[in-house]
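> need a structure here:
(one chain, ligands or ions: 1)
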Amino acid sequence: MSLQQFISQAISPWMKKEGPNSDIVLSSRVRLARNIQNVPFPMLAATEELSALSDKINTHYSRQSHHRFGTIELLKTEDMKQNEKRVLVEKHLISPALSDESRAGAVLLSEDESLSVMINEEDHIRIQCLLSGFQLTEALKLANEVDDWLEDKLDFAFDEKRGYLTSCPTNVGTGLRASVMMHLPALVITRQMNRILPAVNQLGLVVRGIYGEGSEAQGNLFQISNQITLGKTEEDIVQDLQSVVLQLIQQERAARKTLMEQSRIQMEDRVYRSYGVLAYSRTMESKEATKRLSDVRLGIDMGIIKDVSANILNELMILIQPGFLQQYAGEVLSPEQRDHRRAMLIRDRLHLETKKNN
Ligand SMILES: Nc1ncnc2c1ncn2[C@@H]1O[C@H](COP(=O)(O)OP(=O)(O)OP(=O)(O)O)[C@@H](O)[C@H]1O
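Okay, here's the model as predicted:
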């Protein structure tokens, strides 16, 4: 696949498959941080050392076939235009750090985009597996397979006592961050999130926004991940996160049920009002768009709206980001132009959807 193919489709093929509990858990992610023995961490390494690593991975792994992921392709950030990198960030395939700061940065991507291996970001290697719905155990299994596959040709820095050595001490040990992206609108509407967030933190988990560290929770989407990487096995880390996520799923379901039983008219009004705004507005800021899209997705999941597919939130959340809007427009857009294009794109997408189903 060429870079153009990766950036031309907003919705990654893996996202189209609806995994377990995907009405609440949009996606599961496992990432493993790894470094190469006897090569300084990227922050301290010479550019030649980083280029040598990227070249080595290119030679051994690009255009290779992996039995689970199919053909894998290496893309170098230096070959990408600024907006192309931005689109890959919006699709969660590379991080802002790899896009903006990395020297000799590259990414290995599988055709369905469920595997992305960043090279020369904060660590030499960051393996990421993304799956639709609540599938943390499967994502861990896949990430471990890729880890073994890479270890065939690369020597990872590993210490008997400490485990995998990483650039940031918070990742030492397993180098694992497991996370889920959850849509929790009913817990927000019923004002339970203020109570739940500190409790989740106390259990050693971190709650972040849709674009990870430092991003705010837009559209009632919360990314929940482990904080601790040391002193526990990978399976235990995933297990602990899994049990908290299961409880959150139950609480969100209960809150949705209560809302439908006690405030049905208000919920229908909220959902249809947002649908109307999305379907007819002429200009829209991204903050309002994500809020309204969250209402519509809730309406779909609660059976209030029937002729719009549930995947619309996942798809539009990415399509309405600045990088994508500019990629489609083929030019740099001012904030006002983006708001205008965003409204147009959402309108078209919703009208197409209802036409398809009528
Ligand atoms: N479950 C998930 N589904 C989809 N995207 C996710 C999920 N979890 C994280 N992401 C995305 O992955 C990217 C990186 O997330 P984040 O910054 O939280 O973690 P990280 O880079 O692995 O960790 P660290 O902070 O240790 O460097 C962000 O774009 C984030 O939105």
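> alpha carbons only for contacts and neighbour counts from here, please
Fine.
> could you measure the residue nearest the centre of the chain against the ligand, distance?
Centroid-nearest residue in the chain, with Cα atoms, centre = their mean: H92, separated by 4.6 Å. Separation of H92 from the ligand (Cα to the nearest ligand atom, to the nearest Å) stands at 4 Å.
> Reduced to three states, what does that residue come out as?
Here H92 takes the coil state, with states given by DSSP: H, G, I helix; E, B strand; the rest coil.
> try G303
Criterion first, three-state DSSP; result for G303: coil.
> give me the number of residues near P198?
For P198, the count of nearby residues is 13 (other Cα atoms under 10 Å).
> Show me which positions of the helix or strand where I249 lies end up buried.
Element membership for I249 (DSSP states H and E) is helix 234-262. Across helix 234-262, burial judged by 16 or more other Cα atoms under 10 Å covers 234, 237-238, 241-242, 245, 248-249, 251-253, 255-256, 259-260.
> Same question for stretch 5-18.
In stretch 5-18, counting by 16+ other Cα under 10 Å, buried: F6, I7, A10, I11, S12, W14, M15, E18.
> Columns secondary structure and pLDDT on top of those residues, output as JSON lines?
JSON lines is the format used below for the buried residues of stretch 5-18 (DSSP: H, G, I helix; E, B strand; the rest coil; pLDDT from 0 to 100):
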{"residue": "F6", "secondary structure": "helix", "pLDDT": "78"}
{"residue": "I7", "secondary structure": "helix", "pLDDT": "78"}
{"residue": "A10", "secondary structure": "coil", "pLDDT": "72"}
{"residue": "I11", "secondary structure": "coil", "pLDDT": "74"}
{"residue": "S12", "secondary structure": "coil", "pLDDT": "78"}
{"residue": "W14", "secondary structure": "helix", "pLDDT": "78"}
{"residue": "M15", "secondary structure": "helix", "pLDDT": "77"}
{"residue": "E18", "secondary structure": "coil", "pLDDT": "81"}
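> what's the closest of these to T174?
W14 (25.5 Å; Cα to Cα).
> for the closest one, what are its contacts?
Residues in contact with W14 (Cα atoms under 8 Å, 6 or more residues apart in numbering) are D112, E113, S114, L130, L131, S132.
> now do M181
V25, L26, S27, S28, I210, L221, F222, Q223, I224.
> tell me the angle whichever strand or helix holds the last one makes with helix 234-262.
I224 belongs to strand 221-226 when elements are defined using DSSP H and E. Relative orientation of strand 221-226 versus helix 234-262 (axes from the mean of the first three to the mean of the last three Cα atoms, to 10 degrees): 150 degrees.
> which of the residues in strand 221-226 are buried?
L221, F222, Q223, I224, S225, N226.
> where does the residue nearest to the third one when sequence neighbours are not counted fall, helix, sheet strand or coil?
Right, Q223. Excluding the flanking residues, the one nearest Q223 by Cα to Cα, 6 or more residues apart in numbering is M181, at 4.4 Å. Counting by three-state DSSP, the backbone at M181 sits in strand.
> measure M181 to the ligand for me?
Counting by Cα to the nearest ligand atom, the gap from M181 to the ligand is 4 Å.
> Retrieve the pLDDT associated with that residue.
Looking at M181, its pLDDT reads 93.
> where along the stretch 151-300 of the chain do the strands fall?
158-159, 163-164, 176-183, 205-208, 221-226 (DSSP state E, counting those that start in this stretch).
> With distance to R342 added, can I get the ones you listed in TSV?
Listed next are these as TSV, based on distance: least, Cα to Cα, whole Å:
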stretch	distance to R342
strand 158-159	47
strand 163-164	43
strand 176-183	22
strand 205-208	25
strand 221-226	20
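> mean pLDDT for these: which is lowest?
strand 205-208 (a mean of 89).
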